[in-house]
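*Asks:* would you be able to build a 3D model of this:
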Amino acid sequence: MQPLAKTITAAAYARYSTANQQETSIVAQLDGIRAYCDREGIRLAAMPYIDEARSGTNTDRPGFQRLLADARAGRFDAVVVYDVSRGSRDVADWFAFRREMAALGVAVLSATNQLGDMDDPNAFLTELLTVGLGQHMVLQSRQKSIAGKRVRAGRGLFCGGVAPLGYDIVDGQYSIRQAEAATVRLIYERYAAGASYADILAELERLGARTKNGRSFTRSALHDILSNPRYTGKYLWFDREERHMHRHVGRDNPDKVVIEGGIPPIITQEVAEAVTIRMTSNRAHTRTTYRSYLLSGLIRCGECGSAMSGVTTKSRGHEYPRYICLGKRTERRCDLKNVKADVLDEYITRVLREDVLSDAVIEAAARRIEETLASGRCMADDIRVEMERLARKNHNLTALAAEIGATPDMRQQLIANEQHRQELERRLAEVQEPPALTYDVILATLRADAARLAADPDCIGELVRRYVQSVTVYRHCIEIVYALDASKTQKHPSDPSDGCNIGWLPRCAPLVLYTARMPRDAA
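*Replies:* Numbers count the residues shown, from 1 in each chain. Prediction:
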């Protein structure tokens, strides 16, 4: 470890994987971390972050998530783990963690592994091999575990996890637990008779019925019970493709194991069929549909950084378009509330029409664009002057070498000059000298879009793509950045009536025009 410029405060993180490991493994990790910090002069925060009996193949761990939240809040300068495998056994997760900590200015240290600069090729390769070996061990163990489970499944034996409500597991076999089975029958029979989820939940609460883990029933718990074919006596395992590193693949598995009558039934076939018919009918009337959304590709979650996707639910003849966080939907790692798409779209359109494309904003933008174009031309001129100076220098040096003979120093100088010339050519190509456009032409080009939006509301999709740089949804507000970005089009504004074609902007940071903030309670 390189010497640190100041005493830093570090957070300790420790984890063990399964209940078969002991709490002493956490103690041993923390002891090693403390000893390491003492040697390196690092001040260790009083409260460590700990995950007990949690897999390292995903980041959905309470202690790890608290660690991330506190790092984002700036509560420590470094994170110390006993070894890399305690942080993660998934290569992608580990380096995503490393990148985020680097962006936050938080160092990641290990008591037993040498962690260097990720931009250093050798240090990166060493770290990649260390994490990769951990993932290799997990994959090997998983492969052996699946092979053993397939043998058990072929014999109709329970293969792990938690038994469904209504069953106990005795010597690997499903055995009916009568008290819980009565609750399952009540759920099926009430639903088959037409009761709603709300009615069933209220009745279960009055009876004091609880789920397998002792919690109150929820709508999702009812749906899972009503969708489980095991209650009719069907043994079913590997019905979905195996998880990869504890993430569901989610496709039907053609190699699933099915044994009719392999489990003692709790529900009759007739009741199960009535439930299936009703659930199928409900899905036909209440379903999720997908369509084109105004902000697709532009809107992101400000809490977890995931993209947001447009989804429309349809119920009782009404459609409800929403933007939802994909981190919430796919990995269940975000609790950001959904956004009403029609309300947000209308707000963004109104701000674009009334504020961004107002005379004051586009006049100021035209002035800044003219200045930027002039700056780009000046930069290109400066590079050409330097290239001409370098050409004269090379000419004089070559003439001198021809007169007195080339010395090693001359040859070295010529090589250095050629490298400099190539660098100047690269910079000149990047500058891409813009055309000499006047303020009036730029202003007319921008005003053309304002006129188009006023005359033709259907062009809003095109103009949003042109002017909206980003939409970020936070818990308490939504931030919309309107900007001109040269990467969005390559056309030249030869005819202002064609609208604002911004490919003629130099390749630089987007030209921010306006920033709006919408309160979350409005959407």
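*Asks:* helices along the stretch 51-200 of the chain, start to end?
*Replies:* 62-72, 84-87, 91-104, 121-154, 178-192, 197-207 (DSSP state H, counting those that start in this stretch).
*Asks:* same check, this time on the stretch 201-350 of the chain
*Replies:* Assigned by DSSP H, counting those that start in this stretch, the stretch 201-350 of the chain shows helices spanning 219-226, 269-285, 326-329, 341-351.
*Asks:* kindly reformat those as TSV containing mean pLDDT.
*Replies:* As requested, the helices of the stretch 201-350 of the chain are arranged in TSV below (pLDDT from 0 to 100):
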stretch	mean pLDDT
helix 219-226	89
helix 269-285	77
helix 326-329	76
helix 341-351	93
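*Asks:* those helices: which one's closest to residue 122?
*Replies:* helix 326-329 (33.7 Å; Cβ to Cβ). Glycine gets a C-beta too; all of them are placed from N, C-alpha and C.
*Asks:* and that closest one, what does it pack onto?
*Replies:* With contacts taken as 3 or more Cβ pairs under 8 Å, 6 or more residues apart in numbering; DSSP states H and E, helix 326-329 sits against strand 299-301, strand 308-315.
*Asks:* deepest-packed of those strands, please.
*Replies:* Most buried of the helices and strands packed on helix 326-329, by mean neighbour count (mean count of other Cβ atoms under 10 Å): strand 299-301, with a mean of 22.
*Asks:* who does that one touch, helix- and strand-wise?
*Replies:* So strand 299-301, by 3+ Cβ pairs under 8 Å, 6+ apart, packs with strand 308-315, helix 326-329, strand 468-473.
*Asks:* chain center to it, what's the gap?
*Replies:* 10 Å (Cα atoms, centre = their mean, to the nearest Å).
*Asks:* how about stretch 83-103?
*Replies:* Chain-centre distance of stretch 83-103: 15 Å, with Cα atoms, centre = their mean.
*Asks:* would you mark the buried spots in that stretch?
*Replies:* 84-91, 93-95, 97-98, 101 (16 or more other Cβ atoms under 10 Å).
*Asks:* same question, stretch 438-450
*Replies:* Buried, per 16+ other Cβ under 10 Å, within stretch 438-450: 441, 442, 443, 444, 445, 446, 447, 448, 449, 450.
*Asks:* of all the helices and strands packed on helix 326-329, which one is nearest residue 335?
*Replies:* strand 299-301 (10.4 Å).
*Asks:* let me know the average pLDDT across the closest one.
*Replies:* Strand 299-301 shows a mean pLDDT of 91 in the predicted model.
*Asks:* enumerate every residue touching the spatially closest residue to residue 401 that is not a sequence neighbour.
*Replies:* Closest residue to residue 401 apart from its sequence neighbours, by Cβ to Cβ, 6 or more residues apart in numbering: residue 410 at 5.1 Å. The contact partners of residue 410, by Cβ atoms under 8 Å, 6 or more residues apart in numbering, come to 397, 400, 401.
*Asks:* any of the residues you listed buried? List them.
*Replies:* Using 16+ other Cβ under 10 Å, the buried members of those are residue 397.
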